[in-house]
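J.: Okay, here's the prediction I keep looking at, along with the sequence it came from:
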Amino acid sequence: MTYNAGHYDVIVIGAGHAGVEAGLAAARMGAKTLMLTLNLDMIAFMPCNPSLGGPAKGIVVREIDALGGAMAKVIDKTHIQMRMLNTGKGPAVQALRAQADKPLYIKEMKNIIENEPNLTLRQGMVDELIVEDGVCKGVITETKAAYSAGTVIITTGTFMRGKVLMGDLEYESGPNNQRVSIKLSEHLEDLGFELTRFKTGTPPRVNSHTIDYSKTEIQPGDEKPQSFSYETTEYITDQIPCWLTYTNEFTHQVINDNLSLSAMYSGMKRGTGPRYCPSIEDKIVRFNDKPRHQIFLEPEGRDTEEVYVQGLSTSLPESIQHEMVRSVKGLENAEIMRAGYAIEYDAVVPTQLWPTLETKKIPGLFTAGQINGTSGYEEAAAQGIMAGINAAAKVQGKDPVILDRSQAYIGVLIDDLVTKGTNEPYRLLTSRAEYRLLLRHDNADLRLTEVGHKLGIISEERYAKFLEKKRLVEEEKKRLNKIVIKPNEDVNNIITNAGGTPLKEAFKAYDLMKRPELSYELVDQMLPEHANLPVDVQEQVGIQIKYEGYINKAKEQVARMLKMEDKKIPEDIDYDAISGIATEAREKLKKVRPLSVGQASRISGVNPADVSILLVYIEQGNIAG
Amino acid sequence: METDTITAISTPIGEGAIAIVRLSGPEAISITNQLYKGKDLGEVDSHTIHYGKIIDPETEEVAEEVMVSVMRAPKTFTREDVVEINCHGGMVSVNRVLEIVLSKGARLAEPGEFTKRAFLHGRIDLSQAEAVMDLIRAKTDKAMSVALKQMDGRLSGLIQRLRQELLETVAHVEVNIDYPEYDDVEEMSHEMMRQKTKEVNKEIVNLLEVAKQGKILREGLATAIIGRPNVGKSSLMNALVQENKAIVTEIPGTTRDIIEEYVNVRGVPLRLVDTAGIRETEDIVEKIGVERSRQVLKESDLILYVLNYNEALTDEDRKLFEAIQGLEYIVIINKTDLGQKLDLNEVRNLAENNPVVTTSLIEEEGINELEAAIAKTFFAGDIDTGDLTYVSNVRHIQLLKQAKQALEDAVNGLEMGMPLDIVQIDVTRTWEFLGEIIGDTASDSLIDQLFSQFCLGK
């Protein structure tokens, strides 16, 4: 017998990186939200590497921030070091990465959750959903609490039928020996969902006191203070370094000799692991000509001696892990505190979702995060915030929010998942974005603040600041387009010092900035009057002018893409009734049920002729209707 | 709705002396005006036809004398502005006109696209939607199969190799971006990129030269008619030509005595080569000598070997059998209207598995069987290739040009000192254009390449 535990607008199952963003977004949109988690001490826990950001992912963190999410603010407050990557490359691929203080991250995030009005945090294991007439109406916990709800979001990460693998040791478990969720997985199967089995892994952690850092290379953070969030004003100055060392022939020998003992290679494992996050066994087997692999030693926090051995992800038996670790320079006497392991888990085949992350099968039910077949904290958080927004919007009768591929990496991620599916844990890469020149780290606020404000999850104060920045950028561009710089000694000195050829005729300041050697600062020095703008405005003006040609070309492509996105496919379309569509395309279309012709065209197996035929068919319906 | 202007050859080639290049879209008239010498087409009345010349922008010479029809929206087939350029000069010059039109900003129409536009603009009755969809399907499938079948194997191999080189270059840039700390690969430099783009560009320029000579696609299977004097070779040729309304084409830059006749036999485009020799001397072997004729034979895709029903097999006949051994040929035993002196069993033995057809060209008998044998030899029977061969060649040239342009954009970016991740945008576009030529547009290849080429991960 269940007992009635109350009603909420939105219930979030799970409080990992997807869950917290989902809960916060829903609550901030004014929905009365309940967040249920297995363990209140593990909110936003990082079971794998202690870092956030990097190429593509770092941009996602900023996008989440522009939409009012928490990840950026929390990492800004709790990191041990931060670095800007790809500074020698173009503006589109620069990205921040931070090393996190894991325990502090949990503490800070929990604090935010606990203090969010509208958001109730409770410990509990959800066993099943309440589904009435095919619609999700709530959840039932193992303690028989029945909560009714407008919408439910599942963000259970790798917990569903999780299985830890290490050598021949195998046991049911969530990450880091947490309780596993079995019944929910079975329940989803009973409801008719297609589940798949994925795998990921983590390396051992060693005690810092037992590492000889003198044999490794130091990897310090940047000196310049930086932040993910557009709202951060206080910066951490006492950073902690990471350290670099390498595997060697002895390490490889140990692994090769014991390959058959690895859970990965002994045939026990069924799940599909990601190619971009291979175990050390994988690296040795697939790239056996490489004499060494990089190993980064990353502190897990300020107040812990645990050090994450990045690069040694493994499912070898514990005894072999000792041997392997100690073969590495600097780790000769290292003590393993936690052994590495592989984890296998159930994931929902993501083509069963609408681009809102609501399931097609059960209206009112959303899934977000690693359960949808992704990998990475940032990818999880990105889905979480979108699911939270859409779950609240549905309850409140508002329009759903779907970001397109030219708007955000978040849009690329979700579109890829629901349109193409994935046969390995999905990770964002810059190469997945067609318009990455538009999806920059520096303009996430310009791309998304408006969206967040419209939803009410961006404060008026922040919005006013954003509008001011936008205004300053536009005005400065206009100003620079009016100022003419004539060749004189001062001007030409600046140019030749920067490695350029001196001016022979007058140029607009705007056009001069397009020269590769001239930055905003240098051109500013040539001006009679200085605008004295904030650094982020200067940066924005510089990028927008310098790469104008490429940006415009990308925008033209986007305009063409959006034209196809605007051609909506009626939800009740009967693909069997359309004669000319090829069989493979028909099957895919029936499964994915794309919302627009644009989305349809991205399904693999749907070729241009099928798209043309679809267009004609839809037009026919429009005329007839 | 649609904002671009499309164009295509809208008449089936090989079936009429006039070929029409049709344009539809907002720029149809202005594009034509740019390449047309005659009246200002922007000023002429709608639904009028005008005599003039198409000027080749590369040579500034007259490419073709034409009649141009101007039809303004909305009373046109597509309900857009439509221009039809009527050409008379045979295939080569029609293709050239189409290329010029494309170079001025029109886009090559997709299969069935004119009809699709007509439909989307409400020009075609609703009940015909089904037919429109069928048409798109049929034309696309045919275009694909023709394009792939007729593409020279070496050329598609070359394009695949260029694509692989570009893909590795792009993957190299990508690995530098996505794994900036990965130290196993040297950072791609501007100089390395410049070198790579230069190499590929050179090959694309070569390819374009080849394509312009019409060799990228086999525009008709090179077909030789051989046999001793007086067996009926020219009758055979005339029969094929009359039956199939050949277009006689003079190849520019060559002497007049090499005339190629294009005929379309049940969908198999044939290019009857060296036919002048047959016509004038009745004997290719006699004219150019046995050694050279062997060479000609080896370059042929199909040989029509004519024997006389009314004469016994000679040593010369047997020699010719030897000469064509291992090649694709059809034996035609002609003059069945006369008495039999030929040993049919011996002929069948010598012909091994190649088809043997009997005809009386004078009585116009057996031609159907011959045509069926030709079709069967190349397409296992039933594919109607129609005019698509020529269209796909133009399409290839267009894509090669786009690939070249994209690569030039990349080079410009390099010279301007743009970061490599930006230059790479244009390199990727080059790769995509080349992929369209060989029908490979899978976008996941890059990520596959990334993870097979480099050992990445935490």
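T.: In hand now; what should we look at?
J.: From here on, just use CA atoms for contacts and neighbour counts.
T.: Fine.
J.: Quick one: name the residues of the stretch 151-300 of chain B near chain A.
T.: By Cα under 8 Å from any Cα of the partner chain, the residues of the stretch 151-300 of chain B that approach chain A are B:174, B:177-180, B:182-183.
J.: Just the buried ones from these?
T.: For those, a burial check counting by 16 or more other Cα atoms under 10 Å in any protein chain shown picks out B:174, B:177-179, B:182.
J.: Now tabulate the residues of the stretch 151-300 of chain B next to chain A in CSV and tack on pLDDT.
T.: Below are these laid out as CSV (pLDDT from 0 to 100):
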residue, pLDDT
B:174, 90
B:177, 90
B:178, 89
B:179, 88
B:180, 88
B:182, 82
B:183, 78
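J.: From these, pick the one nearest chain A.
T.: Taking Cα to the nearest Cα as the measure, chain A sits nearest to residue B:178 out of those, at 5.4 Å.
J.: Under the pLDDT cut-off, which ranges of chain A? List them.
T.: Along chain A, the parts satisfying pLDDT under 70 run over A:266-271, A:276, A:622-625.
J.: partners of the longest strand seen in chain B in the sheet?
T.: Under DSSP state E, the strand in chain B containing the largest number of residues is strand B:62-71. Paired with strand B:62-71 in the same sheet, following DSSP bridges, are strand B:48-55 (antiparallel), strand B:82-87 (antiparallel).
J.: Quick one: distance of it to the chain centre.
T.: 23 Å (Cα atoms, centre = their mean, to the nearest Å).
J.: Repeat that for stretch B:298-316.
T.: 30 Å.
J.: gap between the two ends of it?
T.: End-to-end distance for stretch B:298-316, by Cα to Cα, to the nearest Å: 18 Å.
J.: buried stuff in that stretch?
T.: The neighbour-count check on stretch B:298-316 (16+ other Cα under 10 Å) flags B:298, B:300-310, B:313 as buried.
J.: Looking at those residues, which are in strands?
T.: The strands, defined by DSSP E, take in B:302-308 from the buried residues of stretch B:298-316.
J.: What parts of the stretch 1-150 of chain A come near chain B?
T.: A:54-56, A:85-86, A:89-90, A:92-93.
J.: which residue ranges form the strands in the stretch 351-458 of chain B?
T.: Taking DSSP state E, counting those that start in this stretch as the test, the strands found in the stretch 351-458 of chain B are B:356-358.
J.: ranges for the helices of it?
T.: Under the criterion DSSP state H, counting those that start in this stretch, the stretch 351-458 of chain B contains helices at B:367-379, B:388-415, B:420-437, B:445-453.
J.: out of the ones you listed, deepest packed?
T.: Mean neighbour count (mean count of other Cα atoms under 10 Å in any protein chain shown) peaks for helix B:420-437 among the helices of the stretch 351-458 of chain B, with a mean of 23.
J.: That helix near chain A anywhere?
T.: Yes. Taking Cα under 8 Å from any Cα as the criterion, helix B:420-437 and chain A are in contact, through B:420-422.
J.: Now those residues in a markdown table, please, with extra columns for pLDDT.
T.: Converted to a markdown table, these look like this (pLDDT from 0 to 100):
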| residue | pLDDT |
| --- | --- |
| B:420 | 92 |
| B:421 | 91 |
| B:422 | 92 |
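J.: Show me where the stretch 51-200 of chain B dips below the pLDDT cut-off.
T.: B:89-92, B:124-131, B:135-154.
J.: What segments of the stretch 201-350 of chain B are strands?
T.: Taking DSSP E, counting those that start in this stretch as the criterion, the stretch 201-350 of chain B contains strands spanning B:221-226, B:247-250, B:259-265, B:268-272, B:302-308, B:329-334.
J.: Now do the contacts for the residue of the stretch 301-450 of chain B found nearest chain A.
T.: Closest contact between the stretch 301-450 of chain B and chain A, by Cα to the nearest Cα, is at residue B:419 (5.1 Å). Residues near residue B:419 by Cα atoms under 8 Å, 6 or more residues apart in numbering or on different chains: A:89-90.
J.: if I look at it, how far off is residue A:10?
T.: To residue A:10, residue B:419 is 46 Å away according to Cα to Cα.
J.: Now, the buried ones among the residues of the stretch 151-300 of chain B next to chain A that are in helices?
T.: Residues of those located in helices (DSSP state H): B:174, B:177-178.
J.: I'd like those as TSV, with distance to residue B:192 appended.
T.: Shown next, in TSV, are these (distance: Cα to Cα, whole Å):
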residue	distance to residue B:192
B:174	15
B:177	16
B:178	19
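J.: Just name the closest of the residues you listed to residue A:514, please.
T.: residue B:177 (23.2 Å; Cα to Cα).
J.: Look up phi and psi at residue A:314.
T.: With angles defined as degrees, to the nearest 10, residue A:314 sits at phi -160, psi 160.
J.: surely it meets residue A:277?
T.: No. The pair residue A:314 / residue A:277 is not scored as a contact, 10.8 Å apart, by Cα atoms under 8 Å.
J.: Those two - which one has more neighbours?
T.: Applying other Cα atoms under 10 Å in any protein chain shown to residue A:314 and residue A:277 shows that residue A:314 carries more neighbours, namely 29 against 21.
J.: What sits closest to the more buried one if chain neighbours are left out?
T.: In space, and not counting its chain neighbours, residue A:314 is closest to residue A:279: 5.1 Å by Cα to Cα, 6 or more residues apart in numbering or on different chains.
J.: Would you confirm that the one you found contacts residue A:316?
T.: No. Using Cα under 8 Å, residue A:279 is not in contact with residue A:316; the gap is 9.8 Å.
J.: Please say which of these two ends up with more neighbours.
T.: Remark: of residue A:279 and residue A:316, residue A:316 carries more neighbours, 32 against 27, as counted by other Cα under 10 Å.
J.: Tell me, how many residues neighbour residue 204?
T.: Since no chain was named, I'll use chain A. Neighbours of residue A:204 under the rule other Cα under 10 Å: 26.
J.: hm, I was asking about chain B
T.: When neighbours are counted by other Cα under 10 Å, residue B:204 comes out with 21.
J.: In contact with the closest residue to it other than its chain neighbours, which residues are there?
T.: Computed as Cα to Cα, 6+ apart, the closest residue to residue B:204 that is not its neighbour in sequence is residue B:404, at 6.5 Å. Listed by Cα under 8 Å, 6+ apart, the contact partners of residue B:404 are B:201, B:204-205, B:430.
J.: on that earlier part again, closest one to residue A:44 among the strands paired with strand B:62-71?
T.: Residue A:44 sits nearest to strand B:82-87 of all the strands paired with strand B:62-71, at 62.2 Å, using Cα to Cα.
J.: quick revisit: adding distance to residue A:69 and pLDDT, write the buried residues of stretch B:298-316 out as TSV.
T.: What follows is the buried residues of stretch B:298-316, written out as TSV (distance: Cα to Cα, whole Å; pLDDT from 0 to 100):
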residue	distance to residue A:69	pLDDT
B:298	72	72
B:300	70	75
B:301	67	74
B:302	70	83
B:303	74	87
B:304	76	89
B:305	79	90
B:306	82	90
B:307	86	91
B:308	89	91
B:309	90	92
B:310	93	90
B:313	91	89
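J.: Quickly name whichever of those residues is closest to residue A:232.
T.: Nearest to residue A:232 among these is residue B:301, at 72.9 Å by Cα to Cα.
J.: Against residue B:307, how distant is that closest one?
T.: Counting by Cα to Cα, the gap from residue B:301 to residue B:307 is 20 Å.
J.: One more: residue A:261?
T.: The gap separating residue A:261 from residue B:307 is 75 Å, by Cα to Cα.
J.: Then residue A:561?
T.: To residue B:307, residue A:561 is 61 Å away according to Cα to Cα.
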